[in-house]
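> Need a 3D model of the following:
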Amino acid sequence: MSVKTGYIPYFSREIRSFGETGPSEIPADAKKSYFFFKRCFDLVLSLFVIVGVLSWILPLLGLLIKLDSVGPVFFLQKRIGKGGRRFTCYKLRTMVLNQEADECPASEDDQRITRVGKFLRKSHLDELPQFFNVLLGSMSIVGPRPYMPADWRRFSVLVPEYTFRNAVKPGITGLAQVKGLHGPVTDISTIYLRCHCDRYYIRNAGFLFDLRILRRTVILFPEIVVNLRDNTSI
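As a prediction, the model looks like this:
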């Protein structure tokens with residue numbers, strides 16, 4: 001992956017405007033209760049989504065994927081999780097079958113991405129199977145996004161103490177995502193900004209903070225749908 005260097009804007013002030021007052025550590029006596037309630041919330045919400053949404057939308061999306069290209073409906077990829085442990089991340093397949101899927105991240109105009117895959121990526125519907133990861137305990141609803149081992153190795157060379165991201169479970173959504181820092185990594189400033197958000201989230205992690213991030217994710221989804229309607233066709 002080629003990474004361009006560039007100016008890194010001051011981002012802390014914008015992050016604090018999200019509702020946090022500044023860097024802080026979670027009190028030791030609050031950590032156990034926070035992670036307990038976080039896990040309970042993850043279980044309830046993931047079960048609700050799996051039964052109420054995935055039970056009918058996955059067969060429909062799976063049919064579109066099979067009609068559009070040859071290959072399986074699901075794409076299974078190793079990612080780095082809590083404690084640096086690898087886990088299998090579940091996604092809907094958005095590319096044609098290729099040997100570089102685990103080493104070469106998709107670019108904006110990647111020829112490997114299928115027509116349906118473009119729609120799934122822009123709408124983030126390809127990430128719906130990750131609710132199974134949440135149910136199994138390898139991911140959380142809210143947390144830093146999990147990276148595949150190849151990306152993790154590249155970024156750890158650029159960012160000092162990059163293992164800080166392993167302190168919590170990776171999430172389907174997170175502070176970096178609601179701040180618009182998602183998609184392909186094109187320059188070093190993007191990496192640093194994402195890490196800045198992840199570090200800030202981990203230092204200030206709390207149930208109310210998680211709810212604010214989740215609320216912001218829900219608010220942003222209609223905007224994504226509108227942009228898809230205006231700019232995308234399958």
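
> which stretches of this protein form helices?
For the chain, applying DSSP state H gives helices covering 12-16, 28-49, 55-68, 115-123, 130-136, 149-158, 175-178, 188-203, 207-231.

> what's the shortest one packed up against?
Under the contact criterion of 3 or more CB pairs under 8 Å, 6 or more residues apart in numbering; DSSP states H and E, helix 175-178 touches helix 188-203, helix 207-231. Using the backbone N, CA and C atoms, a C-beta is placed for each residue, glycine as well.

> Just give me the residue right at the centre of the protein.
By CA atoms, centre = their mean, the chain has its centre lying nearest to Arg145, at 3.8 Å.

> returning to what we had before: single out the most deeply packed of the helices and strands packed on helix 175-178.
helix 188-203 (a mean of 20; mean count of other CB atoms under 10 Å).

> and that helix, what other elements does it pack with?
helix 12-16, helix 149-158, helix 175-178.

> Kindly calculate the angle that that helix makes with helix 149-158.
90 degrees (axes from the mean of the first three to the mean of the last three CA atoms, to 10 degrees).

> and helix 188-203, C-alpha only, in CSV?
C-alpha atoms of helix 188-203 as CSV (Å, rounded to 0.1, in the frame of the first residue of the first chain):
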residue,chain,number,x,y,z
ILE,A,188,-0.5,9.1,6.4
SER,A,189,-2.7,11.9,7.8
THR,A,190,-5.7,9.7,7.5
ILE,A,191,-4.0,7.0,9.5
TYR,A,192,-3.1,9.5,12.3
LEU,A,193,-6.5,11.0,12.4
ARG,A,194,-8.2,7.6,12.8
CYS,A,195,-5.7,6.6,15.5
HIS,A,196,-6.3,10.0,17.2
CYS,A,197,-10.1,9.2,17.3
ASP,A,198,-9.5,5.6,18.5
ARG,A,199,-7.1,6.7,21.2
TYR,A,200,-9.5,9.4,22.4
TYR,A,201,-12.4,6.9,22.4
ILE,A,202,-10.5,4.3,24.4
ARG,A,203,-9.3,6.9,27.0
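
> what about it, distance to the chain center?
13 Å (CA atoms, centre = their mean, to the nearest Å).

> Could you pull up the mean pLDDT of it?
Helix 188-203 shows a mean pLDDT of 89.

> what's the answer for stretch 35-54, then?
Taken as a whole, stretch 35-54 has an average pLDDT of 96.

> Let me know the distance separating the closest residue in space to Gly71 that isn't next to it in sequence from Pro72.
Sequence neighbours aside, Leu97 is the residue nearest to Gly71 in space, at 4.8 Å (criterion: CB to CB, 6 or more residues apart in numbering). Applying CB to CB, to the nearest Å, the value for Leu97 to Pro72 is 9 Å.

> go on, Ser107?
From Ser107 to Pro72 the distance is 23 Å (CB to CB).

> quick one, what contacts Thr217?
173, 177-178 (CB atoms under 8 Å, 6 or more residues apart in numbering).

> of those, closest to Trp152?
Of all the contacts of Thr217, Trp152 sits closest to Gln177, with 17.6 Å by CB to CB.

> isn't that closest one right next to Pro144, touching?
No. Gln177 is beyond contact range of Pro144, at 9.5 Å (criterion: CB atoms under 8 Å).

> More neighbours: which of the two?
Remark: of Gln177 and Pro144, Pro144 carries more neighbours, 26 against 22, as counted by other CB atoms under 10 Å.

> Could you verify my assumption that the more buried one touches Val168?
Yes. Counting by CB under 8 Å, Pro144 does reach Val168; the two are 7.0 Å apart.
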